[in-house]
Structure formats: structure tokens, C-alpha cells
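Colleague: Build me a structure from this.
(chains A and B)
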2 protein chains.
Amino acid sequence: MSLSMGACPHAWRHHLHHRGRMWAASPAFRRQLVLLRSLAPTTCAYGGRASSSSLRPHAMSAAAGPVYEADAEAVVRRITPPLDRARHKGQAGKIAIIGGCREYTGAPYFAAISALKVGADLSHVFCTKDAATVIKSYSPELIVHPILEESYSVRDDERESVSSSILTEVIKWMERFDCIVVGPGLGRDSFLMDCISNIMRHARQANIPTVVDGDGLFLITNNIGLVEDNSLAILTPNVYEYKRLVQKVLNCEVNEENASEQLTALCQKIGGVTIMRKGKADVISDGKKVTQVSTFGSPRRCGGQGDILSGSVAVFSSWARHFLLSNKQPKETSVNPMVLGCIAGSLLLRKAAALAFEKNKRSTVTTDIIEFLGQSLEDICPAGW
Amino acid sequence: MSLSMGACPHAWRHHLHHRGRMWAASPAFRRQLVLLRSLAPTTCAYGGRASSSSLRPHAMSAAAGPVYEADAEAVVRRITPPLDRARHKGQAGKIAIIGGCREYTGAPYFAAISALKVGADLSHVFCTKDAATVIKSYSPELIVHPILEESYSVRDDERESVSSSILTEVIKWMERFDCIVVGPGLGRDSFLMDCISNIMRHARQANIPTVVDGDGLFLITNNIGLVEDNSLAILTPNVYEYKRLVQKVLNCEVNEENASEQLTALCQKIGGVTIMRKGKADVISDGKKVTQVSTFGSPRRCGGQGDILSGSVAVFSSWARHFLLSNKQPKETSVNPMVLGCIAGSLLLRKAAALAFEKNKRSTVTTDIIEFLGQSLEDICPAGW
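Modeller: Model prediction:
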């Protein structure tokens, strides 16, 4: 724990309660902001004191360059907005998940409900008609748009007009979103992939931050131009997706000996994107620095945890962006809100997975982990009400 | 309890915690492996000391030949893989259920969710289009493929092409699975039966272990060639399904006086398959030895418990196969992982049913039992984290 106030939830609660919207301007917070900015590679990246005990040499070779353990708890506390009774619906975040097809309905649900459980106000899903009824049935909390189509449901001579009307429909909503997540349960249908490419191009033009996961990574790996030079894009590959990305973009194999240099090179080659390489430790870079979160979560590897992560990262990166924008720091010392979002999302999933595993052991499934997102966030960053 | 370590969950937890991936190589485990291999019919089969108190003479006539009570807890502990933070999604098992039609949706759901609750990482269901929406809506944890068809939805002149495209679709996925379960809620539609026959033939060519239950047993009873000489096939008949199987294959009636000889003969006649004859005791044979699990479960006989069993057996037999392969024992002393999977699945269901009945009494339903799979496994084999 690097921050004196963070060490005591009661002090924190008291502080928040009395400061309300003055939060960001308090002396304590200004001190924290300075910490947040001082990201010299000789000290601990992203906010904390260098803590050798929290560095895990197995996660990243010592020869791989400066990879620092993020003080992820401090990051979560900094970027999570204070709860304020004067706020309106939507101000804590409006997230959209683009995914869900005939085969996959769980993944977009997990991502969308996780966004709400982390604290977003509204969570949308854009999916195929087949998937929509099912996703709606999982939860009345979500707004589900049954507008995507797969090849099997579109005649060849209709493809262009259907594609165009899908884009028009998505565009109507796009400007409202603080972040979109492209990929959970998207599938790999060729017509759908074309539509998603159009949506991603539009999101970029509209400056909407975009988290790309799952089948979205399959799409962009084969069409890297979709995220090239987009500093508002976050890629969250698992071990297999990372391998394909490295092969395609760097034209070589994954090199664990120089893992951090390779990750940095990958970000730089794609140009300004943030990549979180998921694994035993989640390793994050935007092509400038490399940081990691290695807090232990759970040894269960049930499918769906990546969807919790993408939904959470969408919310946290939106909050980080808002936090940094509202604190108007000089450009040259600015930290990347996309990186902060990854750090926070990674930590929260790990904490929630640990609590779920403690309760459910080997029978832990993704739904069990989602149930603990709230408690995990409260443990790190009490709501103060 | 025949193993000193197994007698103390704390010692076990400590052991697992400190050994991690070295688990299988530890001296204690090597000793257990020796026990596991020494399956002489003059001592207790599958791992334990002969325990006269655990043998239930009513379940199997004393005149019926050497039927030994399995030390099922020891089997569960041996084959359940250690949890390891370095593992990736899928490494603890990928299971698929082939079943679910217009009438039946609960059975494939029970089998698929049980596989996850036992500890598999991914659980798929291949079912008809009508069944898919409902099965998906039961749980976002499952990956449900709406690809099967029944006669009523296929024109006569389309049958061949539809059948072929169903097989193509399943084949795309087949290689990924550690085990498939054929039958839960499959129904008996003639067109569907033909498609499933093709799928079973392909699974066999691809060396994918196959548990056959419910309507899958109806199918193979009428077409025994589908499992003939397949040592990776497990049949799990209940009293009626067993009767039909005996009539068809041995051309006689069930003989309780020589039940174990008859079961052995049935396995031998079909050729190398493993059969678990479900009943008051679950009696298991691969044509060589006969062992049973008679731990008391619950007096409730609500429908669906067989589906829990088939999903659990799929996971445990995959784990047993992996355990035995990774320990490279000499062929001549090898035990049959399919038999170990049956023993473990049988015990776990019985334990979970007992806990569910204790809580819910006469109102116990299958969902209540599934809720206790995790605790039952933890009681037998603590996750150790």
C-alpha cells in the first residue's frame, strides 16, 4: 500500500463523504496525481513504490527488460469516480458489447453484466437476432439490440444493403458510448466480420475507445489496419491470440526471453495501441512502458473470465480517461488511461476470482466470479456511503 | 481409507500446495500408483484394502463372482489433477454433450453443467435448433451449437445434404474435445439417430472417448457396431437399458445370480467397452474385472441424476486418461482410465445426492444435487489453495 489514506478504508470513506465532487482537487489527491505521473522506469511504474516482493520473476524473465508490478490497488482507487448524489444516469459510464451470435451468447452477457457490476450505469449488447432473445433472458439489466446478421441469414444480393443498415443502426447509438468492447462471442462468420470492420472504423472516427477481445482479435489480426495508430484501442489477447498476433504483425514467434521488448515492439508496430497480454501475470504495454499485474487470482481456468475482464477494462478505461481529462495534466507527463484501465480491470478480476474460488473451489464458474466483482471493488475502494 | 495422506485433508492440502506440478512425481503418489496397479482379484480392486463392511451383499450376489467395492475416494484423489496457476483455459478438460431435441432440454443441460462443476474448463452442447435457445437460456456458462435436425424439419430430398453438413460442422470441433457424451435428451428420431451414428463413427476414428447414455444406449443397442471393440467407450445403462442390452447382445435375460459374470461377458462380447450398470450399487466392468461403488446416495429417484453422472464420468475419465498417460505405466499393469472415471463419477454423484437430500428431503431435484457437486469434490479431494 503506497498511499497513507488508502491504507485505512475508514479514513477514505470519511474523506470521500466530506469532499464529494471536490475529490480530485484535494491535496491528498494532488499528491497521488504526482505519484501517478512519475513513471520513471527506475521506480515502480504506475503509482506505487517499487515492491520487490510483488514482482514475480517467473512471470517475465529478468532479462526481458524493465517490467514493473503496477500498484494496481492505487490505480483502482484513483480512477474510480466518487459516488455523488448529484449525478445522473449514464455519468458513471455507458458501455456497449459488440458480440453474440448463433453459437455464443454467454460471452457477451458476461462482458455486459460485468460492466454494470463494476459500476457502469448502462450496458448495451449488439448481437445477432438469434443470440438476442437468449441474452435478454439472462438478465433484464441489459439493453440488447438484435441487429447483427450472419451469412446464413442474408441472401447474396442483400449483403450490401443489410450491411449498410446494420451500420446505420449502430451509428445511431455509437456517440453515446464511453467505450465499446468488440469480440465477446462474436464468432467468425465472414459477413459478420465485414460488418464489424465497418463498425470499428466508425468507432474510431468517432473517437470511441474500443476494447478488442476474443473473435475481435481474430478479425484485427487478419486486418491490422482496423486498430493501427489507434491510441484508444486496447487488445486483450490470451496466450493463443497473442501468438497469432506476434506471428502476423512481427512475423516471428513469441520469444519469452525478450517478452517485454517483444510486447513493446508489437505495440509500436501496430502504433499506439495498448496491449494486455493475459497469462499468469497480465502484462500491459502501450509501446512505451511495460507493467504487469500478478496478484494471484484463482487456479480455475473456466471459460468466460476473459469476458469479465473485457467488460471491466471498458469501464475502468473510461473512468481513467475521464479522471485524467478532468485533471488536465500536461501532455508530456500524461499517463495512458487505456493502460490504467487494463491494470484496474486485471486486478479486479483477480480479486473476484480469488474470492469466488475460496467459496466454490473446483466448481467455480464465471457467474460465481461475477458475483464477487462488487465486494472486490468495495474491498479496494470503499464506496464511502 | 487406505492411504495415510488421504485420511487427513489438511496434510493433503499442504502436500498439494507445496508440490504443485510435481504432484504426480512425489514419493507418496508413486506409492499410490503402485497400489493402483496391484489389482489382483484376491485383494480389493482399484486401490483400497478389502473392506467387508463396505461390500453390500444385496447389491450383488455373493455367488456372482469376485465383485469388489472400489476405494472410490482414493480413485477420485488420484485422478483429479492438481490446480496449477500456470495452466491455461481448456487444460482441465473440454467436454461436449451430444443431445437435446424438441422434447428434451434438461438432460443435456444437466450433463454439461455438471461437467463444469466437476472442474472442466469448457462444456459444449450439440443439439437441435429447437432445443438450443432453451438450453442456452439455462446458463450462460455453456457453449451451445444448434446444429442437429429431426425428421420433421428436413425434407426427404434434403436428408443426405443436411446429414452431411451436420457431420461437417461437428467434425470442425471434435478434435478439441477430451470426451463426448452421446445421448442425454437425444430422443429417438430416425434422422437424428442416423446423424448421431455418423458422429460416433467419426469420434471413434479420432480417438475421442465417448460416454453413451440415455437414448444413445437405445441407438447402440440396435447398432452395436457403433461401440464394438472401442476401448474408449463407456456405456452407463440403467436397469431397463441394461436389460435391453443383455437381450440384444447376449441373447438372454438378465441373470442376477451370475450378475458379475454376465456383465463381464457383455463387455467381452461387445469387445473392450466399459459398462457401468447403474443401480443400488453401480457395478463397473471392462470385461476383465468387476468393481462396484455402493456408497449410499439418496432415496430420491428424480429424473436427471443419470445426466449428472454422464457429465461427471466424462470429466473424470479424461482426467484418469491424462493421469495414466502422463505417468507412463507399463502396458501390462495398466488400469483402465474409463473404469476409474466411472468409479469417480459414481462416488461424486452419490455424495452430492446425499448432501442435497439432507437439505431438501423429498423435494430434492437434480438442480439441488448439482449444487453440491463442488462441496462433495472438495470434501473428498480438497483443492488445496
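Colleague: Could I get the full set of helices for chain A?
Modeller: Along chain A, the stretches classed as helices by DSSP state H are A:9-19, A:27-37, A:72-79, A:106-118, A:129-138, A:159-174, A:190-205, A:215-221, A:239-250, A:259-270, A:305-326, A:337-360, A:366-370, A:373-380.
Colleague: hang on, A:Ile171 packs against A:Gln205?
Modeller: No. Taking contacts as CB atoms under 8 Å, A:Ile171 lies outside contact range of A:Gln205: 9.9 Å. To be clear about C-beta, it is placed using only N, CA and C from the backbone, and glycine gets the same treatment.
Colleague: picking that back up, quick check: which of the helices of chain A is nearest to A:Ala281?
Modeller: Judged by CB to CB, the one of these that comes nearest to A:Ala281 is helix A:337-360, at 8.8 Å.
Colleague: for the stretch 151-300 of chain A, what are the low-confidence residue spans?
Modeller: Within the stretch 151-300 of chain A, not a single segment meets pLDDT under 70.
Colleague: Which residue does it have closest to chain B?
Modeller: Using CB to the nearest CB, the closest approach of the stretch 151-300 of chain A to chain B is made by A:Pro299 at 3.5 Å.
Colleague: before we move on, what about chain A?
Modeller: Using CB to the nearest CB, A:Ser363 is the residue of chain A that sits closest to chain B, at 2.7 Å.
Colleague: What is the burial count for that residue?
Modeller: Look at A:Ser363: counted by other CB atoms under 10 Å in any protein chain shown, it has 25 neighbours.
Colleague: what's around the residue of the stretch 151-300 of chain A closest to chain B, how many residues?
Modeller: A:Pro299: 21 neighbours (other CB under 10 Å).
Colleague: Over to A:Thr168?
Modeller: Neighbours of A:Thr168 under the rule other CB under 10 Å: 10.
Colleague: Give me every residue in chain A lying close to chain B.
Modeller: Counting by CB under 8 Å from any CB of the partner chain, chain A comes close to chain B at A:102-106, A:109-110, A:130, A:133-134, A:137-138, A:238-239, A:280, A:296, A:298-306, A:357, A:360-367.
Colleague: so A:Glu103 touches A:Gly187, yeah?
Modeller: Yes. Between A:Glu103 and A:Gly187 there is a contact at 5.9 Å, judged by CB under 8 Å.
Colleague: Enumerate every residue touching the spatially closest residue to A:Ser312 that is not a sequence neighbour.
Modeller: Distance criterion CB to CB, 6 or more residues apart in numbering or on different chains; nearest residue to A:Ser312, sequence neighbours excluded, is A:Gly345 at 3.9 Å. By CB atoms under 8 Å, 6 or more residues apart in numbering or on different chains, the residues touching A:Gly345 are A:Leu309, A:Ser310, A:Ser312, A:Val313, A:Val315, A:Phe316, A:Ser317.
Colleague: ok, and the most crowded of the residues you listed?
Modeller: Within those, most neighbours by other CB under 10 Å means A:Val313, with 35 neighbours.
Colleague: circling back: now do the contacts for the residue of the stretch 151-300 of chain A closest to chain B.
Modeller: Going by CB under 8 Å, 6+ apart, A:Pro299 touches A:Phe357, B:Leu83, B:Asp84, B:Arg85, B:Arg87, B:Ala383, B:Trp385.
Colleague: closest to B:Val75 among these?
Modeller: Nearest to B:Val75 among the contacts of A:Pro299: B:Ala383, at 17.4 Å, using CB to CB.
Colleague: Leaving out chain neighbours, which residue sits closest to the closest one?
Modeller: A:Lys361 is the one closest to B:Ala383 (CB to CB, 6+ apart), at 4.3 Å.
Colleague: quick one: contacts for the one you found?
Modeller: So A:Lys361 contacts B:Gly374, B:Leu377, B:Glu378, B:Pro382, B:Ala383, B:Trp385 (CB under 8 Å, 6+ apart).
Colleague: 7 Å instead?
Modeller: B:Gly374, B:Glu378, B:Ala383 (CB atoms under 7 Å, 6 or more residues apart in numbering or on different chains).
Colleague: For those, give me CSV that also has neighbour count and pLDDT.
Modeller: Formatted as CSV, the contacts of A:Lys361 follow (neighbours: other CB atoms under 10 Å in any protein chain shown; pLDDT from 0 to 100):
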residue, neighbour count, pLDDT
B:Gly374, 22, 97
B:Glu378, 16, 96
B:Ala383, 24, 89
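Colleague: of all these, which comes closest to A:Ala70?
Modeller: Nearest to A:Ala70, judged by CB to CB, of those is B:Ala383 at 27.9 Å.
Colleague: what's the most buried one of the helices of chain A?
Modeller: Highest mean neighbour count of the helices of chain A: helix A:106-118, a mean of 30 (counted as mean count of other CB atoms under 10 Å in any protein chain shown).
Colleague: Which neighbouring elements make contact with it?
Modeller: Using 3 or more CB pairs under 7 Å, 6 or more residues apart in numbering or on different chains; DSSP states H and E, the elements in contact with helix A:106-118 are strand A:94-98, strand A:122-128, helix A:129-138, helix A:305-326, helix A:366-370, helix A:373-380.
Colleague: So for A:Lys248, which of these sits nearest?
Modeller: helix A:305-326 (19.7 Å).
Colleague: tell me the mean pLDDT for that closest one?
Modeller: Mean per-residue pLDDT for helix A:305-326: 96.
Colleague: CA atoms of it as CSV?
Modeller: Provided in CSV are the C-alpha atoms of helix A:305-326 (Å, rounded to 0.1, in the frame of the first residue of the first chain):
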residue,chain,number,x,y,z
GLN,A,305,-13.2,-15.0,-17.4
GLY,A,306,-11.8,-13.1,-20.3
ASP,A,307,-15.2,-11.6,-20.9
ILE,A,308,-15.4,-10.3,-17.3
LEU,A,309,-12.1,-8.7,-18.0
SER,A,310,-13.0,-7.0,-21.2
GLY,A,311,-16.2,-5.6,-19.7
SER,A,312,-14.3,-4.3,-16.6
VAL,A,313,-11.5,-2.8,-18.6
ALA,A,314,-14.1,-0.9,-20.7
VAL,A,315,-15.5,0.7,-17.6
PHE,A,316,-12.1,1.4,-15.9
SER,A,317,-10.5,2.8,-19.0
SER,A,318,-13.5,5.2,-19.4
TRP,A,319,-13.1,6.2,-15.8
ALA,A,320,-9.4,6.7,-16.2
ARG,A,321,-9.9,8.8,-19.3
HIS,A,322,-12.4,10.9,-17.6
PHE,A,323,-10.2,11.3,-14.5
LEU,A,324,-7.2,12.3,-16.5
LEU,A,325,-9.1,14.7,-18.7
SER,A,326,-10.8,16.4,-15.8
